[in-house]
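[1] sequence first, then the predicted structure, then my questions.
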Amino acid sequence: MLPWKRVLRPLAALLLTAAAVTVPATTAQAAGAPGSGWNDYSCKPSTAHPRPVVLVHGTLGNSVDNWLGLAPYLKVRGYCVFSLDYGRLDGVPFFHGLGPVEKSAGELKDFVDKVLAATGAAETDVVGHSQGGMMPRYYLKFLGGAAKVNALVGIAPSNHGTDLNGFTRLLPYFPGAADLLSKNTPALADQVTGSAFLTKLNAGGDTVPGVRYTVIATRYDEVVTPWRSQYLTGPDVRNVLLQDLCPVDLSEHVAVGLLDRVAFHEVANALDPARSRPTTCASAFE
């Protein structure tokens, strides 16, 4: 049996997150677009890259910090890049992606429409990290997004939820814990394996016709577990394990989305498969 401290630590962190975000913030933090050239609504997609890229942050992320690595990486390669904030809770600045996932998908829908109107493109490509790789699937499946999205690339996405290495199974043993999650941080509850939201999302198949799907997972993911639960099944799906591309890549859940240039290289391949080049450990230096 695992030591109690090891068992309770992740569960306590989960519940503390749910409780902490309800405390009124003492200072306001604005997340504006950095001076890197992304979220530039005057950007017009090129012939080489005809679709704008929409970046969708993960739980507790935001439109800036989650993309300080990937957004400039794509921008310098000629893409029009945009990112949104979604799932914001009243009184909780900076840390977003906490509201109900279904509602967040509606915010993504509105944002994609805004990007397409500004750029004149007919479709976009979507790249998301963690919840941001899973939530767009609701948009594609239920909100008409399949007609406006060419490809969805999920980096460590919570496609089938997470059991936090089995710790979420302890929730029933802590009276009120599940209610705390649902009330204060709905997105956390929605991402627990077997939730009503995920049951609805995955019923009838993981994918919808007309969209290409790529999942980039890391063996060392400690947040979305088991890591194989990130994979999708269906037509036009490519599931990639980062360590199959670079065996010495030790990135875990956060690092793979924030700074892993091996993963970024594979994102670029997924966005432009006609010009893709093999991803290896050396890709980190390109």
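    Structure's in. What do you need? Numbers count the residues shown, from 1 in each chain.
[2] how about the strands in the stretch 51-200 of the chain?
    Here the stretch 51-200 of the chain has its strands, by DSSP state E, counting those that start in this stretch, at 53-56, 81-84, 124-129, 149-155.
[3] return the helix or strand in this structure with minimum mean pLDDT.
    Ranked by mean pLDDT, DSSP states H and E, the helix or strand of the chain with the weakest confidence is helix 4-20, at a mean of 42.
[4] where does this protein dip in pLDDT?
    1-36, 165-183 (pLDDT under 70).
[5] the helices in it, which residues?
    4-20, 70-75, 101-119, 131-142, 177-184, 186-190, 196-202, 242-245, 253-258, 261-271 (DSSP state H).
[6] most tightly surrounded among the ones you listed?
    For those, the largest average neighbour count (mean count of other Cβ atoms under 10 Å) is found in helix 131-142, namely a mean of 26. All C-beta spots, glycine's among them, are computed from the backbone N, C-alpha and C.
[7] how far does that helix sit from the chain's center?
    Distance of helix 131-142 from the chain centroid (Cα atoms, centre = their mean, to the nearest Å) equals 9 Å.
[8] likewise for stretch 204-217?
    With Cα atoms, centre = their mean, you get 14 Å for stretch 204-217.
[9] stretch 59-75 too?
    Put simply, stretch 59-75 sits 11 Å off its chain's centre (Cα atoms, centre = their mean).
[10] how about it as CSV, C-alpha atoms only?
    Taking Å, rounded to 0.1, in the frame of the first residue of the first chain, the C-alpha atoms of stretch 59-75 are listed here in CSV:
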residue,chain,number,x,y,z
THR,A,59,-6.5,24.6,-16.8
LEU,A,60,-5.1,27.4,-14.6
GLY,A,61,-3.4,28.8,-17.7
ASN,A,62,-4.0,32.0,-19.6
SER,A,63,-3.6,33.3,-23.2
VAL,A,64,-0.1,34.6,-22.6
ASP,A,65,1.9,32.5,-20.2
ASN,A,66,0.9,29.1,-21.6
TRP,A,67,2.2,30.2,-25.0
LEU,A,68,5.4,32.1,-24.3
GLY,A,69,7.3,29.3,-26.1
LEU,A,70,5.0,28.0,-28.8
ALA,A,71,3.4,31.2,-30.0
PRO,A,72,6.7,32.8,-31.1
TYR,A,73,7.9,29.5,-32.4
LEU,A,74,5.0,29.4,-34.8
LYS,A,75,5.0,33.1,-35.6
